[in-house]
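Enquirer: just need the structure, nothing else, for what follows:
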Amino acid sequence: GANSYTTESWNAYTEAYDNLTEALTNNNLSGIAALNSAYDEAKANLVAASVSLDVAWQTMSFTYETDSARWDPQTHTYVDDGGGSSSGWVANDNSNVIELTNNSNIALDVGFEFSRDDSVDGISGISGAFYSNDSAVTTVALDKGGAAQSVSFMLEGAPTASLDNVKCGIVTLTVTRRKE
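Expert: From the prediction side, this is the model:
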């Protein structure tokens with residue numbers, strides 16, 4: 001049905017079908033040949049929906065900084081050099097960006113979800129959130145034909161134990177056709 005084709009071609013097809021059906025229902029056969037021809041043309045011109053989404057992931061590497069000290073991943077110690085900020089997670093080298101480009105011939109919605117790995121000790125209070133243009137998002141809309149958008153992922157909450165290069169969870173993207 002409609003989800004298999006581009007919106008434009010599906011709308012043209014259903015309009016031609018409705019016109020033909022209405023003429024037949026009303027026994028209006030004078031223009032039936034033209035309506036049948038328009039229907040056949042619209043049916044022949046149905047364009048299949050094609051989904052193509054480029055997703056560029058960064059390394060998703062984070063450091064938890066506490067008060068004025070910051071964690072130095074090279075020395076595995078906190079360094080109080082004024083380079084830290086209030087407690088919180090910091091993406092190492094802007095490694096928290098997900099870049100999306102919709103190369104489809106249909107508009108898409110991309111949903112985001114973070115699932116914490118509860119088998120890892122020390123992360124029970126950690127969650128994740130996604131941001132676009134400094135606003136929290138759970139879904140972004142991408143128009144067809146090359147629309148692009150960047151989304152940042154951030155860990156939130158404090159660890160309850162020392163962590164060293166652990167996987168805190170899984171980020172899942174869900175791609176659906178946007179209702180037009």
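Enquirer: quick one: name whatever helix or strand follows the longest helix along the chain.
Expert: As assigned by DSSP state H, the longest helix anywhere in the chain is helix 7-25. Sequence order places helix 32-44 as the next helix or strand after helix 7-25, per DSSP states H and E.
Enquirer: show me what that next one is packed against.
Expert: helix 7-25 (3 or more C-beta pairs under 8 Å, 6 or more residues apart in numbering; DSSP states H and E). In this view, the C-beta of every residue, glycine as well, is placed from N, C-alpha and C.
Enquirer: what does the longest helix of the chain rub up against?
Expert: Here helix 7-25 makes contact (C-beta atoms under 8 Å, 6 or more residues apart in numbering) with 2, 5, 28-29, 31-32, 35-36, 38-39, 41-43, 45-47, 106, 180.
Enquirer: rerun at 6 Å
Expert: 2, 32, 35, 38-39, 42-43, 45-47, 180 (C-beta atoms under 6 Å, 6 or more residues apart in numbering).
Enquirer: of those, select the buried ones using a ChimeraX command.
Expert: Those of the contacts of helix 7-25 that count as buried under 16 or more other C-beta atoms under 10 Å are selected in ChimeraX with:
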select :35,38,39,42,47
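Enquirer: okay, who's weakest in the contacts of helix 7-25 by pLDDT?
Expert: Lowest-confidence member of the contacts of helix 7-25: Ala2, scoring 63 (pLDDT).
Enquirer: give me the pLDDT for Glu99.
Expert: Reading off the model, Glu99 has pLDDT 97.
Enquirer: with Ala69 instead?
Expert: Reported pLDDT for Ala69: 65.
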